[in-house]
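Asks: for reference, the sequence and a predicted model appear below.
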Amino acid sequence: MSEIIITTKTELSEIVQSSVRKVLSEQQQSQPEQQDLIPIEGATTLTNLAKQTIYGLVYNRKIPFIKRPGSRKLFFSRKALLAWIQEGGK
């Protein structure tokens, strides 16, 4: 036998938001090292630098970055970038 549950829009919204928060929290706890890696778009947001500026810094090896073997995509460690920023971007 099925039950029908009546809720308001607000209650339903709170249930959905709570469920999403729980899932995201579980994912972050299970993959902490993956959460530290961000793509170039995340690096532009974190550093407040343009994408082309970051590419130039990568080319001159003046910013910490990660390039996985066999891939052309750049990744950045959030922790390493924050340390780089605190050091004055040197």
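Replies: Ah, there it is. Residues are numbered from 1 along each chain as shown.

Asks: any regions of the protein where pLDDT drops low?
Replies: 27-35, 90 (pLDDT under 70).

Asks: what strand or helix carries the residue nearest to the spatial centre of the chain?
Replies: Nearest to the mean C-alpha position of the chain, counting by CA atoms, centre = their mean, stands I38 at 5.0 Å. In this structure, I38 sits in strand 37-39 according to DSSP states H and E.

Asks: neighbours of G89, how many?
Replies: Residue neighbour count, defined by other CB atoms under 10 Å, stands at 12 for G89. The way it works is simple: take the backbone N, C-alpha and C, and place the C-beta from them, glycine included.

Asks: go on, V16?
Replies: For V16, using other CB under 10 Å, the count is 10.

Asks: equivalent analysis for P39, please.
Replies: 11.

Asks: now do V20
Replies: By other CB under 10 Å, neighbour count at V20 equals 10.

Asks: against K22, how distant is the residue nearest to the centre of the chain?
Replies: In this view, I38 and K22 are 23 Å apart by CB to CB, to the nearest Å.

Asks: swap in T45?
Replies: With CB to CB as the criterion, T45 and K22 are 26 Å apart.

Asks: repeat that for T10.
Replies: 19 Å.

Asks: try G56
Replies: When G56 is compared with K22 (using CB to CB), they lie 41 Å apart.

Asks: and the host helix or strand of T53, what's buried?
Replies: Assigned by DSSP H and E, T53 falls within helix 51-59. The neighbour-count check on helix 51-59 (16 or more other CB atoms under 10 Å) flags I54, L57, V58 as buried.
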